[in-house]
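Peer 1: Predicted structure and sequence below. I'll ask about it afterward.
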Amino acid sequence: MGFKTIVTILQSEQDIERALACATELAKRHKSHLVGVHAEALPIPYTSATGFPDTEFLQVSATMNKERSDRLRTAFLKALENSGLSTDWRSLESLSGDSALTGIATARAADLIVAAHHETDSDGKADIGSLVYDSGRPVLVVPHSGPIISQFRNIVLAWNGTREAARAAFDALPFMAEAEKTEILVIDPPDTLEETTDTTSIEIAAALARHGINVSVSNQKSQGKAIEDVIQGRLAETGADLLVLGAYSHSWLRRLFFGGVTNSMLRSGQVAAFLSR
């Protein structure tokens, strides 16, 4: 059990410092093949005052894009030159220039995708939401600040009994197997054991325990608080260093990580997130 092919999304130099650093340590521990993916935007032709394509602009844009791609490739190779790992580098081009969107095909062949969260919107921010929702593979999101951790000791699994939550739980087994403890967090559990969420939290705990995982179940009431605030509070209480989430379509979790309101779980800069659907 392990991650034998890891793809890391490298949109900018900041991703070299965080996403690649985490992916490299993971690849060493799991003896993985590590693929770096970077995309540049195709230059958009503009017309000059005379109505002809501005070829000078196109040439300058193409040169700048190539130089940036070459810098990232050099940084990738330098970071891994003494690692002993099997590696690949993918330089891509697309209209968006987004490494996550453009690298979907490569990401679909991975056991794990590693990407870095950015605190603010910028040109160097890849579309992590598309990775989670379109790649079909689990994504480890490295927080924008704080220590870079690749081996997690204290994991919280957000559980609501859905297919996506189950997928995330079993996709995260390699991390849980290494952890000291894993807590299954159920928010607003039903009052009777006949309800699906409550009974399946007991069943998933038993299933994980059969893998040798030290697992417990925690039932929390939101009491009018936002779900993300309940999760964040529980992460702080437990000292967790990884949050495992099923990425649910049309739900608060998509808004939580990819909407404009929050990113609150990752803004703390301390807790990585493992997202799967």
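Peer 2: Received, thanks.
Peer 1: can you dump the C-alpha coordinates of stretch 8-22 into CSV?
Peer 2: This file holds the C-alpha atoms of stretch 8-22, laid out as CSV (Å, rounded to 0.1, in the frame of the first residue of the first chain):
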residue,chain,number,x,y,z
THR,A,8,3.0,17.6,-8.3
ILE,A,9,1.5,20.8,-9.8
LEU,A,10,4.1,23.6,-10.2
GLN,A,11,2.5,26.8,-11.3
SER,A,12,5.2,29.1,-9.8
GLU,A,13,8.5,29.3,-7.9
GLN,A,14,6.5,29.2,-4.7
ASP,A,15,5.2,25.8,-5.6
ILE,A,16,8.8,24.6,-5.9
GLU,A,17,9.3,25.6,-2.3
ARG,A,18,6.2,23.9,-0.9
ALA,A,19,4.4,21.5,-3.2
LEU,A,20,7.7,20.0,-4.6
ALA,A,21,9.3,19.8,-1.2
CYS,A,22,6.3,17.8,0.2
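Peer 1: Could you list the buried residues of it?
Peer 2: When neighbours are counted by 16 or more other C-beta atoms under 10 Å, the buried residues of stretch 8-22 are found to be Thr8, Ile9, Leu10, Gln11, Ser12, Asp15, Ile16, Arg18, Ala19, Leu20, Ala21, Cys22. Just so you know, the C-beta spots here come from the backbone N, C-alpha and C atoms, and that holds for glycine as well.
Peer 1: Compute the mean per-residue pLDDT across that stretch, please.
Peer 2: Per-residue pLDDT values across stretch 8-22 average out to 92.
Peer 1: again with stretch 189-198
Peer 2: Rounded mean pLDDT across stretch 189-198 is 58.
Peer 1: mind showing which ranges of the stretch 151-277 of the chain have poor pLDDT?
Peer 2: 190-199, 248-269 (pLDDT under 70).
Peer 1: Could you work out the end-to-end span of stretch 139-156 for me?
Peer 2: One end of stretch 139-156 sits 16 Å from the other (C-alpha to C-alpha, to the nearest Å).
Peer 1: how is the chain carved up into domains?
Peer 2: For the chain, the structural domains run 5-142, 154-265, going by automatic domain parsing.
Peer 1: report the longest helix in this protein, please.
Peer 2: With DSSP state H setting the assignment, residue counts place helix 55-80 as the longest helix in the chain.
Peer 1: helices or strands next to that one in the packing?
Peer 2: For helix 55-80, the elements it packs on are helix 13-15, helix 21-30, strand 33-41, strand 86-94, judged by 3 or more C-beta pairs under 8 Å, 6 or more residues apart in numbering; DSSP states H and E.
Peer 1: if you set the cut-off to 7 Å instead, what comes out?
Peer 2: Under the contact criterion of 3 or more C-beta pairs under 7 Å, 6 or more residues apart in numbering; DSSP states H and E, helix 55-80 touches strand 33-41, strand 86-94.
Peer 1: For the last one, list the C-alpha coordinates in CSV.
Peer 2: Listed next in CSV are the C-alpha coordinates belonging to strand 86-94 (Å, rounded to 0.1, in the frame of the first residue of the first chain):
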residue,chain,number,x,y,z
SER,A,86,12.6,8.2,-10.9
THR,A,87,11.2,11.5,-12.3
ASP,A,88,9.6,13.1,-15.3
TRP,A,89,9.0,16.8,-16.2
ARG,A,90,6.1,17.9,-18.3
SER,A,91,6.2,21.3,-19.9
LEU,A,92,2.7,22.1,-21.3
GLU,A,93,0.9,24.9,-23.1
SER,A,94,-2.8,25.9,-23.1
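Peer 1: ok, now which ones touch the closest residue to Ala272 other than its chain neighbours?
Peer 2: Counting by C-beta to C-beta, 6 or more residues apart in numbering, the nearest residue to Ala272 once its immediate chain neighbours are dropped is Leu242, at 5.2 Å. Leu242 is in contact with Phe152, Ile155, Phe175, Val271, Ala272, Phe274, counting by C-beta atoms under 7 Å, 6 or more residues apart in numbering.
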